[in-house]
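K.L.:
Model the following, please.
(one chain, ligands or ions: 1)
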Amino acid sequence: MFDKEISALSIEEAKAELEYLAKELAKSDSAYYQDDAPYLTDAQYDKLKHRNFDIEARFPELIRPDSPSKKVGAAAKSGFGKITHRFPMLSLGDVFSLEEVEDFILGVKRFLNTAEGIAFMSEPKIDGLSFSARYENRRFVSGATRGDGTTGEDITANLKTIKQLPLTLPDDAPDILEVRGEVYMAKEDFFALNERYAAENKKTFANPRNAAAGSLRQLDPKITAERNLSIFAYTWGEVSARKWQSQAGFFDCLKAWGFPTNPHNTLCQNIKDIEQSFAHLMEIRSSLPYDIDGVVYKVNSIELQERLGFLTRTPRWAIAHKFPAEQAFTKINNIRIQVGRTGALTPVADVEPINVGGVIVSHATLHNEDEIKRKDIRIGDTVIIQRAGDVIPQIVGVVLEKRPAGAQEFIFPDKCPVCFSHAIREEDEAVRRCTGGLSCPAQAKERLKHFVSKDAFDIAGLGDKIIEDFYLEGILKNPADIFTIEHRNGGDDLFSSAQGLHLERREGWGKKSVDNLFKAINAKRTISLPRFIYALGIRQVGSATALLIAKNYGSFSSFMQDMINKETAKIVSIDGIGAAMATDMVEFFQEPHNISIIEQLLKEIKVEDFIDTSRSDSVFSDKTLVFTGTLTQMTRAEAKAKALDLGAKVSGSVSKNTDYVIMGADAGSKAKVAQELGIKILSETEFLNLL
Ligand code: IVH
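P.N.:
Residues are numbered from 1 along each chain as shown. Below you'll find the predicted structure:
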């Protein structure tokens, strides 16, 4: 009935449809909230809601007093709804010293091939959670958390409760604008909240960041509203017409449009200014009303930012200069061994709980056996412990003067403490590994946890505790079992049979929680290629590497075939993947057990081929390029980054798989090889024209 393009709607039609949507969504809300009998799927519900938003964006004068967009409390059913960011929300590279900042600036200059001074904006790095707020026709329409950078949680209703966030913008703001920044809780509000919670015997928060996160991620926005959250805006996502040419100019716009910006943002002309700004922020840090954990430097000119572009997850034009780690003294009570997903035995120290920069720390990693020896750490020692950002706390060193007479040296085991298999240390390897493979319960469990983790299948319903229990009871032995669990559960007729898992009969569970779990699992039966590759848990293959593999292979089957055939030429030609990684990948696919799990999995799920839609229409998409000789109009790094951005692969050597050789001045043997193989050679200018 109501499926006309929004741009084609007449005002009467829009009015009628908004009336219909208001009624339909209210009915659905009440069925869901009051009667506990939802009749719309999440997707149907979201579709109606989006349609409502979109019509209102075009006809703001028709917004009804009972509009569904004004209603808070209509949270998506299984937790929050998802929002896919139209532009990914990236993170920042970290550095810890001024030398590294200088290296960063030199790198920027080298990339741009310039000796001129470059201005940077220096901004306090707010220790909160990032958000993205979308405005259409100058009205706030939706808000999201960063999530995995690609997809975040829909926190529209919660953001609306933050008084500092403007809900409408002045006429000179662009038609489409996504403003991004940080949600934080001021120290004062944090202490007040904790005091109140302590008085009410409720669990308190460890630090303002956790309090802000816990408050923003409340399904009931009324709770968010009570918690006094604040924001600072500092960057943008999608924008229909960018009116600013620099980060400084952007801040001017933000201020004019009513967004809070940090008063300590400073434009720096050179490294001296940067150094001063860092020292100043370090000095005032503890007296600021909110937590900051470092300083962010951004190339001020947007033109230069655009030339610099991005690495996999971070921009080349910005960096975070983190404050030095916070330290404290404590005592080592015990040292124990943890067995990881790849069998690595990691020693962990249990320490006397201690407050390190606002967080209570009770254990610290000791990395490996050499590290314990090198630092001569013994049980009973007093040590200096430190934490930097989200990093697992580390032990800096022992206070020898305080060593008690009976301090015990730790003897590193040569057997796995979980499955008692031999734990061996390969030559040149710092870690000792359990040889039990998947017969080792610790490895099997960790692999399951990795499989469902945030950057992999992201199945929130399968928390660590459930995995542990299900593994012990034999319900989940390997990742493929996750997708057969519903089938194995059996019907819900109490008298039907003794067969089946009947999870709904478990203590503390019920039909609803079991249904939710199945729903969460079934929602992940289609998965993107990079997530799937990462989820397999191949040694050394993190999500950035998985993305590189996905981009270069496009489909899982072609990657798997190469690995099974021990064909590594293609994989090692990928920039960023080395021979050692390739060996680990090949080894993974030589293990029959792994192949069997993959085969079982592929019967249950669909792995999407990787199509880089933004680039598939470029001349260079999927083409392999080799650069040779000196380029004169841009640096090799810049040319390479541009080609990669357009979906090309860049290789270091010419082979029959090469599509183009880009020849700069004084090209050597590569150009000759290309000629012999009949490969298309482009001059630098031809290349630029094609770009
Ligand atoms: S800019 C592409 N500016 O730091 C760059 N981030 O490690 C996007 N953050 O996820 C980020 N203060 O949550 C930027 N002034 C600031 C920031 C800031 C805090 C956080 C943000 C981001 C993380 C990156």
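K.L.:
ok, which residues in the stretch 51-200 of the chain are in contact with the ligand?
P.N.:
Taking CB under 6 Å from any ligand atom as the test, the list of the stretch 51-200 of the chain residues beside the ligand reads 90-92, 123, 125-126, 130, 146, 182. For every residue, glycine as well, the C-beta is placed using N, CA and C.
K.L.:
same question, the stretch 201-350 of the chain
P.N.:
For the stretch 201-350 of the chain, the residues in contact with the ligand under the definition CB under 6 Å from any ligand atom are 234-235, 296, 315, 318, 320.
K.L.:
again, only using 5 Å
P.N.:
234-235, 296, 315 (CB under 5 Å from any ligand atom).
K.L.:
wait, residue 675 sits on residue 667?
P.N.:
No: in this structure residue 675 lies outside contact range of residue 667 using CB atoms under 8 Å: 10.4 Å.
K.L.:
So if I had to pick from those two, which one is more boxed in?
P.N.:
A count of neighbours by other CB atoms under 10 Å puts residue 667 above the other of residue 675 and residue 667, at 17 against 13.
K.L.:
how near is the more buried one to the ligand?
P.N.:
Residue 667 sits at a distance of 36 Å from the ligand (criterion: CB to the nearest ligand atom, to the nearest Å).
K.L.:
dump the residue contacts of residue 165.
P.N.:
133, 140, 159, 231, 259 (CB atoms under 8 Å, 6 or more residues apart in numbering).
K.L.:
and if we set it to 6 Å?
P.N.:
Contacts for residue 165 (CB atoms under 6 Å, 6 or more residues apart in numbering) come out as 159, 231.
K.L.:
Count the neighbours of the single nearest residue of the stretch 501-650 of the chain relative to the ligand for me.
P.N.:
Residue nearest to the ligand within the stretch 501-650 of the chain (CB to the nearest ligand atom): residue 544, separated by 15.1 Å. Here the count is done by other CB under 10 Å, and residue 544 has 13 residues near it.
K.L.:
What is the burial count for the closest residue to it other than its chain neighbours?
P.N.:
What sits nearest to residue 544 in space, not counting adjacent residues and going by CB to CB, 6 or more residues apart in numbering, is residue 312, at 4.6 Å. Neighbours of residue 312 under the rule other CB under 10 Å: 13.
K.L.:
What of residue 576?
P.N.:
Look at residue 576: counted by other CB under 10 Å, it has 11 neighbours.
K.L.:
That one sits in which helix or strand?
P.N.:
For residue 576, there is no helix or strand it lies in under DSSP states H and E.
K.L.:
Can you tell me how far it is from residue 528?
P.N.:
Spatial separation of residue 576 from residue 528 under the definition CB to CB, to the nearest Å is 19 Å.
K.L.:
Inside strands: which ones of the residues of the stretch 201-350 of the chain next to the ligand?
P.N.:
Counting by DSSP state E, the members of those that fall within strands are 234-235, 296.
K.L.:
Could you single out the nearest of those to residue 55?
P.N.:
Each of those was checked against residue 55 using CB to CB; the closest is residue 235, at 29.4 Å.
K.L.:
Neighbour-wise, which one of the ones in strands among the residues of the stretch 201-350 of the chain next to the ligand leads?
P.N.:
residue 234 (25 neighbours).
K.L.:
Where does pLDDT dip in the stretch 501-650 of the chain?
P.N.:
Across the stretch 501-650 of the chain, residues meeting the criterion (pLDDT under 70) sit at 612-616.
K.L.:
which residues of it fall in helices?
P.N.:
Along the stretch 501-650 of the chain, counting by DSSP state H, counting those that start in this stretch, helices occupy 511-522, 529-535, 543-553, 556-564, 569-572, 579-590, 592-604, 636-645.
K.L.:
Return the most buried member of those helices.
P.N.:
Each of the helices of the stretch 501-650 of the chain was given a mean neighbour count from mean count of other CB atoms under 10 Å, and the largest, a mean of 24, is that of helix 529-535.
K.L.:
which stretches of the protein have low pLDDT?
P.N.:
For the chain, counting by pLDDT under 70, the residues that fall below are 1, 30-38, 41-43, 70-78, 358, 388-391, 491-498, 612-616.
K.L.:
Can you read off the backbone torsions of residue 343?
P.N.:
Here the main-chain torsion angles of residue 343 (degrees, to the nearest 10) amount to phi 90, psi 0.
K.L.:
and it, what does it touch?
P.N.:
Taking CB under 6 Å, 6+ apart as the test, what residue 343 contacts is 433-434, 443.
K.L.:
Next: residue 231.
P.N.:
162, 164-165, 181, 183, 260.
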